[in-house]
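J.: Just need the structure, nothing else, for what follows:
(one chain, ligands or ions: 2)
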Amino acid sequence: MTQFYQTTLGHSKGPFTIQETAPSLTTYPFKVEENMIKVRSGSDVVIPNIWLRDNCQCSSCMHKATKQRLLDTFQIPRDITIRSSEIDPEGVRVKWSDGHESHYTADFLSSSHMSYLQRAKVRQDLVNIKLWDESIAQRPPIVSYDNFHDKDGVKDVLDKIRTFGFCYIDQLPVSPEATEKALERIAFIRPTHYGGFYDFTADLASKDTAYTNIYLEAHTDTTYFSDPAGLQAFHLLEHSGGEGGTSLLVDGFKVAKDLNHLDREAYHILSTVNVHSHASGNEGISIQPYRGFPVFQHDPETGILLQIRWNSSDRAGVALPVDQVEEWYDAARKWNDLLKKNENEYWCQLTPGRLVVFDNWRVLHGRSAFTGKRRICGGYINRDDWISKHKMLHFGQDAVMKHLPTG
Ligand SMILES: C[N+](C)(C)CCCC[C@H](N)C(=O)O
Ligand SMILES: O=C(O)CCC(=O)C(=O)O
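T.: Ligands and ions are numbered 1, 2, ... in the order given. Coordinates of the predicted model:
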């Protein structure tokens with residue numbers, strides 16, 4: 001199994017991949033031998049007693065309602081042994097040397113031996129994703145508001161966001177209230193120093209270039225937060241007395257894959273060199289994350305790309321000695337050139353009634369300069385909250401709970 005090691009910069013060395021297909025889950029039979037439970041895969045793997053005892057799912061070890069561990073892990077004797085066991089059609093019942101009895105399903109025992117990528121499947125809500133370029137304009141992912149009123153509608157929107165990185169919700173009533181309610185069907189809106197639900201125009205009400213009418217190149221938002229916003233949404237309520245203000249979307253995962261093919265070293269530099277960001281325009285505020293992060297952040301267990309952080313206007317320092325920063329700039333220039341290739345830029349004119357919701361960890365956004373009065377509303381939603389919502393709708397509560405001890 002490939003081991004991924006944390007570099008001093010806190011990131012895996014790779015290999016790095018963009019995971020386009022969800023892993024399939026292998027099942028492994030188990031057996032009990034010499035009072036040990038083993039998973040049979042190639043050479044048998046002994047499941048350590050401490051791990052089994054600690055993950056007993058009975059109601060005295062795990063709170064049935066809260067799903068929290070009640071058992072005091074470190075009261076389990078370090079040398080705990082299986083006194084006896086009995087195999088049944090579902091799995092195996094175990095009597096422990098500390099007098100406790102546990103039951104483990106075959107499925108549970110099998111999943112203890114899954115690869116890191118397989119364990120990530122449910123935990124990280126891994127699905128088959130579809131990378132796209134500007135041709136997505138021909139058939140963008142759309143759900144009509146009429147179909148968004150129930151759980152299936154929310155699942156459809158989140159399925160599309162998980163697959164494509166964005167989704168339109170069309171025929172939405174043209175009001176901030178309807179927009180806020182629609183977003184809250186996914187999860188609660190994340191408050192920030194911009195407020196919660198946002199309704200903005202080019203008046204510099206917040207000292208950020210979003211509150212102006214200038215061109216904004218493709219970027220991800222809130223790179224200055226330790227945990228950047230998960231979803232972002234825009235609903236154009238009005239644009240009068242002027243022109244421009246066309247929206248731009250770019251599939252960052254698609255462009256990252258292109259860069260990795262074009263120049264693996266450049267991809268590696270942007271995956272391992274930390275970059276600092278800041279938001280310092282508002283009075284008395286200068287927000288910076290607790291540490292630097294690379295442009296491409298990968299899962300140190302699996303090497304798969306999880307997050308893109310790219311915002312040249314909010315960038316502070318590059319975490320390299322100043323006489324070594326040129327290698328980062330050269331790599332970033334290649335990335336920037338790919339982002340700005342026509343084939344990767346999906347320009348889309350938002351209209352009142354069309355809400356766009358996108359994955360701010362994958363899809364970059366921007367806009368063309370504009371004149372006149374332009375008013376947009378929307379909101380941020382935390383990554384963990386929308387992924388939680390989707391995986392419960394996609395995998396179901398039982399599957400999500402079942403994978404907790406081994407995911
Ligand atoms: C809140 N609202 C979406 C209106 C704009 C916030 C500004 C986002 C900032 N330019 C960034 O890139 O993080
Ligand atoms: O005004 C727009 O269309 C987008 C503004 C923007 O990029 C942002 O709010 O992050």
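J.: pLDDT weak spots in the protein?
T.: For the chain, applying pLDDT under 70 flags the ranges 1-13.
J.: What's the separation between the residue of the stretch 301-407 of the chain found nearest ligand 1 and ligand 2?
T.: Using CB to the nearest ligand atom, Asn311 is the residue of the stretch 301-407 of the chain that sits closest to ligand 1, at 5.0 Å. C-beta: built from backbone N, CA, C; applies to glycine. Taking CB to the nearest ligand atom, to the nearest Å as the measure, Asn311 and ligand 2 are separated by 9 Å.
J.: Pull the number of nearby residues for that residue.
T.: Taking other CB atoms under 10 Å as the criterion, the count of residues near Asn311 is 21.
J.: Assign it to helix, strand or coil.
T.: coil (DSSP: H, G, I helix; E, B strand; the rest coil).
J.: residue contacts, it?
T.: Residues near Asn311 by CB atoms under 8 Å, 6 or more residues apart in numbering: 219-221, 223, 277.
J.: Intersect the residues you listed with the contacts of ligand 2.
T.: By CB under 6 Å from any ligand atom, the members of the contacts of Asn311 lying near ligand 2 are Asp221.
J.: Go through the contacts of Asn311 and flag which are in helices.
T.: Within these, no residue falls in helices by DSSP state H.
J.: which one of the contacts of Asn311 has the most neighbours?
T.: Thr223 (28 neighbours).
J.: Hmm, Tyr224 is touching Asn282, no?
T.: No - Tyr224 is beyond contact range of Asn282, at 11.7 Å (criterion: CB atoms under 8 Å).
J.: Have a look at the two and say which one is more surrounded.
T.: Tyr224 (21 against 14).
J.: tally of neighbours for Thr26?
T.: When neighbours are defined as other CB under 10 Å, Thr26 has 12 of them.
J.: The top strand by length along the chain: which residues count as buried?
T.: Assignment by DSSP state E gives strand 231-240 as the longest strand of the chain. Residues of strand 231-240 classed as buried: 231-237, 239 (neighbour count, 16 or more other CB atoms under 10 Å).
J.: Tell me how many other residues crowd the residue in the stretch 201-350 of the chain that ligand 2 sits nearest to.
T.: Across the stretch 201-350 of the chain, the shortest distance to ligand 2 (CB to the nearest ligand atom) belongs to Ala210, at 3.5 Å. Residues near Ala210, counting by other CB under 10 Å, number 15.
J.: Got phi/psi on it?
T.: phi -60, psi -30 (degrees, to the nearest 10).
J.: Thr201 is in contact with that one, correct?
T.: No - using CB under 8 Å, Ala210 and Thr201 do not qualify as a contacting pair, with a distance of 10.1 Å.
J.: residues from this structure in reach of ligand 1?
T.: By the rule CB under 6 Å from any ligand atom, the part of the chain lying against ligand 1 is 194, 198, 200, 208, 210, 219, 221-222, 311, 314.
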